[in-house]
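Sequence first, predicted coordinates after that:
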Amino acid sequence: MRHFIRSAAVAIAMAAASTLTLSAAMAADISGAGATFPYPIYAKWADAYKKETGNGLNYQSIGSGGGIKQIKAKTVTFGASDAPLKGEDLESIGLVQFPMVMGGIVPVVNLEGIKPGELVLDGPTLGDIFMGKITQWDDAAIKKLNPDAKLPSQAIAVVHRSDGSGTTFNFSYYLADANADWKSKVGVNTALEWPVGIGAKGNEGVANNVSQTGGAIGYVEYAYAKQNKLTYTDMMNKDGKKVEPTAAAFSAAAANADWSSQPGYGVILANQPGAESWPMTAATWVLLYKKPDDAAATGEALKFFAWSYAKGDEMASELDYVPMPDNVVKSIEDTWAKDVVGSDGKPIYSAM
C-alpha cells in the first residue's frame with residue numbers, strides 16, 4: 001500500500017498567480033506547464049516535495065492548450081492537460097501520457113442569499129444557460145428544479161474560459177452528452193465558439209470573475225470553488241439522483257473506469273452512471289517525451305510524480321481530489337520503465 005504524508009496541510013496561495021515557483025531556478029528544478037485544473041494539488045505536492053528533497057517545481061498554470069503547445073515546443077520538461085491526446089497524436093509526437101489525479105468540475109454562482117449546495121441544476125438546464133436560451137435566474141426550468149429556493153428576477157451573467165482548456169473540454173463533453181442542442185450547435189473542444197458570456201483565463205480567472213459579478217455562473221475545478229469560498233450548485237446525475245460535489249461522488253464516477261482501454265490512459269469520466277456519481281468528474285494528465293533530449297530533467301520529473309503517487313494521497317484528498325488507484329499507478333510506472341528511455345535505450349526512471 002502506498003503511504004501518506006501525515007503532516008499538517010500547507011496553505012496554498014491561490015490568488016491571481018498563474019505561475020508556481022517554489023525555488024530559485026536551478027538545474028535540479030522541474031519545469032512544467034499546462035492545465036489549471038490540477039494547480040492546487042501540484043502546488044501542495046511541490047511545496048512538500050521541496051521540503052523533503054530540496055528540489056523545486058516551476059509550473060505555469062496556463063491552461064491545457066498552452067501546456068500542449070509548450071511540450072511540443074520542448075520549452076518545458078512536461079506538459080499537463082485535462083483533455084487527453086489521442087493515441088495517434090501521442091505516437092506522432094513521441095509522447096507518453098498518464099493521469100495524475102482525478103477531481104470534479106462544478107457550476108459556481110454568485111446569487112445573494114444562496115449558499116453552497118442550495119441550488120440544483122441538471123445537464124439540459126445547464127446547457128441552455130450556457131447557450132443563452134435561459135437568461136434569468138427565475139426561469140421556469142430553474143424554478144422546477146428548485147421549487148423552494150428564493151430565485152431572484154435577475155439576469156444570468158455567464159462566465160466561461162477564454163483559453164484552451166481541458167476543463168472546458170470535460171465541461172462541454174458532459175453538456176453534449178446531456179443536452180442534444182449543445183451537442184449539435186456548440187460541440188466539444190478545449191476552446192469553443194461560445195454563444196454568450198464573458199471569457200476569463202484559467203480556473204483562477206473564472207473563479208475571480210464569478211466572485212465579482214452579481215448574477216454570475218461559471219464552471220471551475222472544485223478545489224477553486226472550495227479555496228475561494230464560491231457558491232457551488234448540486235447536480236442531477238445520469239441516474240436522476242441529486243448529488244453533491246464530494247470526493248466520494250468523484251470516486252463513484254471513476255469506480256468502473258477501465259484505464260487500460262484507451263491509449264495513454266485517456267478515459268473520459270463525464271456523465272458516468274451510478275446513483276452516487278458526480279456527472280462532471282475528470283482526470284488530469286501529464287505529457288512527457290518518450291525519448292527526451294534532457295534525460296536528467298525527465299528523470300527528476302518522474303521522481304516527483306512517483307513521490308506524488310506514493311506520498312500525496314492525503315494531500316489530494318484534503319483538496320477533494322481523488323488519487324489514482326494503486327493498480328493504475330503500478331501500470332503507469334511499468335509504462336515509464338518500458339517507454340521513457342535515454343539515448344542508450346535504458347529506462348530513465350524505474351520504480352523500486
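Okay, I see it. Owing to the predicted nature of the structure, the values given are computational and were not obtained by experimental measurement. Numbers count the residues shown, from 1 in each chain.

Note down every partner strand of the longest strand anywhere in the chain and its orientation.
The longest strand of the chain (DSSP state E) is strand 95-109. Sheet pairing of strand 95-109 (DSSP bridges) gives strand 216-221 (antiparallel), strand 231-232 (antiparallel), strand 281-289 (antiparallel), strand 322-323 (antiparallel).

among the ones you listed, which is the most enclosed?
Across the strands paired with strand 95-109, the average number of neighbours (mean count of other CB atoms under 10 Å) peaks for strand 216-221, which reaches a mean of 28. The C-beta positions use only the backbone N, C-alpha and C, and glycine is treated the same way.

who's in contact with that strand?
Contacting residues not belonging to strand 216-221 are listed as 36-38, 40, 103-110, 129, 156-160, 167, 171, 200, 203, 206-207, 209-210, 230, 280 [CB atoms under 8 Å, 6 or more residues apart in numbering].

Alpha carbons only: can I get the longest helix belonging to the chain in CSV?
Using DSSP state H, we find that the single longest helix of the chain is helix 295-311. What follows is helix 295-311, C-alpha atoms only, in CSV (Å, rounded to 0.1, in the frame of the first residue of the first chain):
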residue,chain,number,x,y,z
ALA,A,295,17.0,12.7,-19.8
ALA,A,296,18.2,14.1,-16.5
ALA,A,297,15.3,16.6,-16.3
THR,A,298,12.8,14.0,-17.3
GLY,A,299,14.2,11.7,-14.6
GLU,A,300,13.7,14.4,-12.0
ALA,A,301,10.1,14.9,-13.2
LEU,A,302,9.4,11.2,-12.9
LYS,A,303,10.8,11.1,-9.4
PHE,A,304,8.4,13.9,-8.4
PHE,A,305,5.4,12.1,-10.0
ALA,A,306,6.4,8.8,-8.3
TRP,A,307,6.7,10.7,-4.9
SER,A,308,3.3,12.3,-5.5
TYR,A,309,1.7,8.9,-6.2
ALA,A,310,3.4,7.4,-3.1
LYS,A,311,3.0,10.1,-0.6
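
now it: mean pLDDT?
Across helix 295-311, the average pLDDT comes to 97.

Can you list the helices and strands that the following helix or strand past it packs against?
As assigned by DSSP states H and E, the chain's next helix or strand after helix 295-311 is helix 313-318. Applying 3 or more CB pairs under 8 Å, 6 or more residues apart in numbering; DSSP states H and E, one finds that helix 313-318 contacts helix 39-53, strand 322-323.

May I have the longest strand of the chain as CSV, with CA atoms only?
Only the C-alpha atoms of strand 95-109 are listed here, as CSV (Å, rounded to 0.1, in the frame of the first residue of the first chain):
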residue,chain,number,x,y,z
LEU,A,95,4.9,11.4,-26.1
VAL,A,96,3.8,9.2,-23.1
GLN,A,97,0.7,10.3,-21.3
PHE,A,98,-0.6,9.3,-17.9
PRO,A,99,-3.2,10.5,-15.4
MET,A,100,-2.0,12.1,-12.1
VAL,A,101,-5.2,12.7,-10.2
MET,A,102,-9.0,13.0,-10.6
GLY,A,103,-11.4,15.7,-9.5
GLY,A,104,-14.7,17.3,-10.2
ILE,A,105,-15.9,20.3,-12.2
VAL,A,106,-18.6,22.3,-10.5
PRO,A,107,-21.0,25.1,-11.6
VAL,A,108,-20.5,28.1,-9.3
VAL,A,109,-22.9,31.0,-8.9
